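Trainee: what would the 3D arrangement of this be:
(chains A, B, C and D)
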There are 4 protein chains.
Amino acid sequence: MTKGRLEAFSDGVLAIIITIMVLEMKVPHGSEWSDLKPILPVFISYVLSFTFVAIYWNNHHHMLHAAHKTNGPVLWANVHLLFWLSLFPFVTAWMGENNFTTRPVALYGVVSLMAGVAYYILAHRLTDLHGKNSEFAKALGRDTKGQLSVIIYFVGIGLSFVQPLLGLASYFVVAIMWFVPDKRFENKDSPLK
Amino acid sequence: MTKGRLEAFSDGVLAIIITIMVLEMKVPHGSEWSDLKPILPVFISYVLSFTFVAIYWNNHHHMLHAAHKTNGPVLWANVHLLFWLSLFPFVTAWMGENNFTTRPVALYGVVSLMAGVAYYILAHRLTDLHGKNSEFAKALGRDTKGQLSVIIYFVGIGLSFVQPLLGLASYFVVAIMWFVPDKRFENKDSPLK
Amino acid sequence: MTKGRLEAFSDGVLAIIITIMVLEMKVPHGSEWSDLKPILPVFISYVLSFTFVAIYWNNHHHMLHAAHKTNGPVLWANVHLLFWLSLFPFVTAWMGENNFTTRPVALYGVVSLMAGVAYYILAHRLTDLHGKNSEFAKALGRDTKGQLSVIIYFVGIGLSFVQPLLGLASYFVVAIMWFVPDKRFENKDSPLK
Amino acid sequence: MTKGRLEAFSDGVLAIIITIMVLEMKVPHGSEWSDLKPILPVFISYVLSFTFVAIYWNNHHHMLHAAHKTNGPVLWANVHLLFWLSLFPFVTAWMGENNFTTRPVALYGVVSLMAGVAYYILAHRLTDLHGKNSEFAKALGRDTKGQLSVIIYFVGIGLSFVQPLLGLASYFVVAIMWFVPDKRFENKDSPLK
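Mentor: Numbering: from 1, shown residues only, chains lettered A, B, ... in the order given. Here you go, the predicted structure:
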């Protein structure tokens, strides 16, 4: 089944994204605790992005586990998702280094939003391929969480122009909401494998 | 089948190339939109290279899916392809940071051209191995797109000495041409798997 | 079996962590042996961390080899382990660049300790899933080494405030203790595969 | 078979080593051909190291293809090999940036030599495991090339103190000698798979 290599490539890209973000935490020259202080916002930013990428890996894993086949549109929808996720190291560092000011927080939200939209598109390309009445489509269900995330991102982007910490808080809400792995696919593991 | 590890290694290298390019977008110190302006050409450059590497991954995936075996010349032809692709982060950054001036745009074309030639060599080593009348050779067909790409790259390199944006436009034409995944192999998925 | 992708993602992350740490050894400009001298502590730091990550890979490999299944809590316990391991490049560089002073050595110990705790949690989530009387639980046994490591890390963190080299020595003791691969799982390879 | 994950981890590490070396080619600020001149030695250095890592991947691939099993000593011999290979990005950059002066060329040779020794140890741990009269041991044969490489590296390190370019030339001789993939294992692909 051709999906094996799609998973391998996605795993590779996600593993690299999640790991190179740590390179943005520039090692300070002094060796006092106070020398770590300027890195704290970058660290918080890193924790948030690490969680998001892990959530994407987790959901991607469950979704592709439920799929039996891929085609051209699915491959490209997947590349499109990876593109937005690949921008996380950049927006994570910009947000962290500027200590959560308005525009970096807003841009972080835009990239998160686009990744959410890209995931939605990928899910729909897979549904198109498997059919509206397929086991896959039933496993996917209504995707309420995915749609809710997009709405919260929108709100968060807006809020970041009022008070950036409110925007940031919105993104944390999305992360917490997804932290529980997606039961929809997990329950279906045995029949669909 | 030994091709499994060839795919795994190629996936790894391609996943890293596509992801480390983002490190060339240096995070600006200010937090205004205007601070992002100098990064815009690097970003455009990144989008182009991301697309190219994704196209190579996609076509490589389809081509190796159609292959049943590998040998020494195939392994080395593959390493040769990966070598040229590994130079993408360098030429991407040089082109982006110099805002699309002549020589960087021309060198980007040279590396793209060499990668195209290396892909052509890999396809032919695989055809040699499988035989001129094999299913693989039929699946590969005449490779009109591959040959056309090489010609457009040549033209693009020349044009970049007249007006670098024309050279750049040529590379985008190649990217768009390949965007549609290679139907030749895709149609053959089921019989050749 | 869904554990395949968990292993693939973990392998990817561990491979990247172990490799990017070498980027922290900044290439000196001069070409005398004496130009390498300031890099020596970073190198020693690198050797220690390379060994730790290799030990984690090795034990992770044996532990997952013995497992037959995964679930949500296991996936998240694994991501949690990878998070702490992803901080190794940062603490390795901070400790090396500051020539093993108190706070960097202590922080290195804290990250090592948290990784040890995360590994312990992962082992227990897997035991919960497989059952207290499963082959897996028997293979895991009492995990004396894992508990001993956590104690030594605690002692090492404390010692680093007295004399950082004593803290460092404690971490080396843990590394040497683990160097012998975990016999518990290895002996069970054939029946559990 | 447990060797699958050993291959996957090694592929990951080798793929990253081969790719991050390109990051040492610092992008120049100017956009003239002359701005690329200082990068030329780094590029030559990169080509040599890319070839070496590709040779190791190729031989590693063939050797593990011939193996049916692994154990603790094999896993650690493999990690030991990866350790020396992980130093390639550092010595490649040091040699390139100093334009092939004595000590960097000599150190490059030392790391290459140690990688060669580590490969030899790995081959012997695998032979110990499979038995002196196994198919694997027959496939490995006398390993004349491996022993010859170690001798040439020794000579090269010595020569680099006379004239560094002679040392460099020795390393190129080794690379060319290995360029032809190892026939020993390749011929045995079908019976041993």
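
Trainee: what's the distance between A:Pro73 and A:Thr127?
Mentor: When C-beta to C-beta, to the nearest Å is the yardstick, A:Pro73 and A:Thr127 sit 11 Å from each other. C-beta coordinates here come from the backbone N, C-alpha and C atoms, glycine included.

Trainee: check contacts around the residue lying closest to A:Val22 once chain neighbours are set aside.
Mentor: Nearest-residue entry for A:Val22: C:Ser86, 5.3 Å, with adjacent residues in sequence omitted and distances by C-beta to C-beta, 6 or more residues apart in numbering or on different chains. Under the criterion of C-beta atoms under 8 Å, 6 or more residues apart in numbering or on different chains, the neighbours of C:Ser86 are A:18-19, A:22, A:50, C:13, C:17.

Trainee: quick check: pLDDT value at A:Val79.
Mentor: A:Val79 carries a pLDDT score of 93 in this model.

Trainee: next secondary structure after the strand or helix carrying it?
Mentor: Using DSSP states H and E, A:Val79 maps to helix A:72-86. Beyond helix A:72-86 on the C-terminal side, the first helix or strand identified by DSSP H and E is helix A:88-97.

Trainee: for the strand or helix carrying A:Phe154, packing partners?
Mentor: In this structure, A:Phe154 sits in helix A:144-162 according to DSSP H and E. If you count contacts as 3 or more C-beta pairs under 8 Å, 6 or more residues apart in numbering or on different chains; DSSP states H and E, helix A:144-162 packs onto helix A:102-130, helix A:164-179.

Trainee: buried sites along the last one?
Mentor: By 16 or more other C-beta atoms under 10 Å in any protein chain shown, the buried positions in helix A:164-179 come out as A:164, A:167-168, A:170-171, A:174-175, A:178.

Trainee: and it, what does it pack onto?
Mentor: Under the contact rule (3+ C-beta pairs under 8 Å, 6+ apart), helix A:164-179 is packed against helix A:40-66, helix A:102-130, helix A:144-162.

Trainee: kindly report the same for the first one.
Mentor: In terms of contact count using 3+ C-beta pairs under 8 Å, 6+ apart, helix A:102-130 is assigned the packing partners helix A:40-66, helix A:72-86, helix A:88-97, helix A:135-140, helix A:144-162, helix A:164-179.

Trainee: using CSV, write out every CA atom in the fifth one.
Mentor: It stands for helix A:144-162. Coordinates of the C-alpha atoms in helix A:144-162 are reproduced here as CSV (Å, rounded to 0.1, in the frame of the first residue of the first chain):
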residue,chain,number,x,y,z
THR,A,144,-16.4,19.3,15.1
LYS,A,145,-13.0,19.7,16.8
GLY,A,146,-11.3,20.6,13.6
GLN,A,147,-13.9,23.3,12.7
LEU,A,148,-13.9,24.6,16.3
SER,A,149,-10.1,25.0,16.1
VAL,A,150,-10.3,27.1,13.0
ILE,A,151,-12.9,29.4,14.7
ILE,A,152,-10.8,29.8,17.8
TYR,A,153,-7.7,30.6,15.7
PHE,A,154,-9.7,33.3,14.0
VAL,A,155,-10.8,34.7,17.3
GLY,A,156,-7.3,34.5,18.7
ILE,A,157,-5.8,36.4,15.7
GLY,A,158,-8.3,39.2,16.3
LEU,A,159,-7.7,39.2,20.1
SER,A,160,-4.0,39.5,19.6
PHE,A,161,-4.5,43.0,18.2
VAL,A,162,-6.4,43.9,21.5
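
Trainee: A:Gly96 reaches A:Val47, doesn't it?
Mentor: No - the pair A:Gly96 and A:Val47 does not pass the contact test of C-beta atoms under 8 Å, sitting 10.1 Å apart.

Trainee: among these two, which residue is more densely surrounded?
Mentor: Between A:Gly96 and A:Val47, counting by other C-beta atoms under 10 Å in any protein chain shown, A:Gly96 is the more crowded of the two (26 against 14).

Trainee: let me see the contact set for the more buried one.
Mentor: Under the contact definition (C-beta under 8 Å, 6+ apart), the residues listed for A:Gly96 are A:24, A:41-46.

Trainee: from chain D, how far off is A:Gly156?
Mentor: 34 Å (C-beta to the nearest C-beta, to the nearest Å).

Trainee: ok, for that residue, nearest residue in space, not its chain neighbours?
Mentor: Nearest in space to A:Gly156, with sequence neighbours left out and distances taken as C-beta to C-beta, 6+ apart, is A:Ser170 at 3.1 Å.
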